[in-house]
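Participant: The following block contains a protein sequence and its predicted model.
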Amino acid sequence: MELGSGDYSDGGSGAVPQIGQREPGSRYRDALRLLFILAQGSEPTEIPTDDAVRIFRAEKRLMAMDFLVRYPDYLADALLDLYEQTGEQELLEEVRQIFLKEEPSVRLVRMVRWRHGAYQNVDDALSMLSYYGLVRPMQLSDGDGKVRRYEYLISAKALAFLKDTVREHPELAWYRGRLELVMRIAHGKSGSALKEWQYEHPEYGNTMHGDIIASISSQVEKRLAKIDEANV
């Protein structure tokens, strides 16, 4: 995966600094990554139709899951938390593989911190997914018209597209495997709960608004090494 950067904003309440020139094709990469997240982080609709077979609830949860895909070191740390709760040895192996494959640098797609944590304006990517009939964003409003939250309807066409894409480009199966790990962390958790865990890391919580969120790769590697030593 190419390292990525993009144009960031907070939906009109103030411009977020850019982190560099937008790479050719980054819009398509962002759209594909978000589609994998929306598909695997969603649940079946009550009354399935071709245009809405699954539903993903809440933009904050989308942002929090996207962060875990884009920052493999934070995902590794969350997997170690889960290991300490469950004792599942396969979780340790997943973390080892993340570092053996140098994913905290090779797979990193940087994000900036804004008012509500790690943020990227996903309007362009979602517009593309909507244009092709893959995802339909829905705004849920209160009685006064204020948007309460966003939901995303995923079409049957989207699921077929992902299946065909992985078959034609097997290397993209990485996203599917990665989302299986992310869902080990995100299952049953709200976006707020996922964000709270992220803020527990000083490197994340202390990042100034508009600055790039720093890696915690070295800290997580040391944590893994201590766990491995204790298991000898």
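Facilitator: Here it is on my side, so go on. Only a predicted model underlies this, so the values are computations on that prediction, with no experimental measurement involved.

Participant: What residues of stretch 111-123 count as buried?
Facilitator: Buried residues in stretch 111-123, counted by 16 or more other CB atoms under 10 Å: Met111, Val112, Arg113, Trp114, Gly117, Ala118, Tyr119, Gln120, Asn121, Val122. For every residue, glycine as well, the C-beta is placed using N, CA and C.

Participant: Can you tell me how far the spatially most central residue of the chain is from Thr45?
Facilitator: Here the mean C-alpha position of the chain is nearest to the C-alpha of Asp66 (CA atoms, centre = their mean), at a distance of 1.3 Å. If you measure Asp66 against Thr45 using CB to CB, to the nearest Å, the figure is 22 Å.

Participant: Repeat that for Glu88.
Facilitator: Using CB to CB, Glu88 is found at 32 Å from Thr45.

Participant: repeat for Arg107
Facilitator: Using CB to CB, one obtains 32 Å as the distance from Arg107 to Thr45.

Participant: between the two, who's got more neighbours?
Facilitator: Neighbours were counted for Arg107 and for Thr45 using other CB atoms under 10 Å; Arg107 has more, 20 against 14.

Participant: My read is that the more buried one contacts Pro72, right?
Facilitator: Yes. Shown here, Arg107 and Pro72 form a contact pair, counting by CB atoms under 8 Å, at 5.2 Å.

Participant: Arg136 in helix, strand or coil?
Facilitator: The local conformation at Arg136, judged by DSSP: H, G, I helix; E, B strand; the rest coil, is strand.

Participant: For it, grab the count of nearby residues.
Facilitator: The number of residues near Arg136, taken as other CB under 10 Å, comes to 17.

Participant: secondary structure class for the closest residue to it other than its chain neighbours?
Facilitator: Closest residue to Arg136 apart from its sequence neighbours, by CB to CB, 6 or more residues apart in numbering: Leu153 at 4.4 Å. For Leu153, the secondary structure call by three-state DSSP comes out as strand.

Participant: now Leu153: how far from Ile212?
Facilitator: From Leu153 over to Ile212 the distance is 33 Å, taken as CB to CB.

Participant: Settle it for me: which of these two has more neighbours?
Facilitator: When neighbours are counted by other CB under 10 Å, Leu153 and Ile212 differ, and Leu153 comes out ahead with 21 against 15.

Participant: Noted, bye for now.
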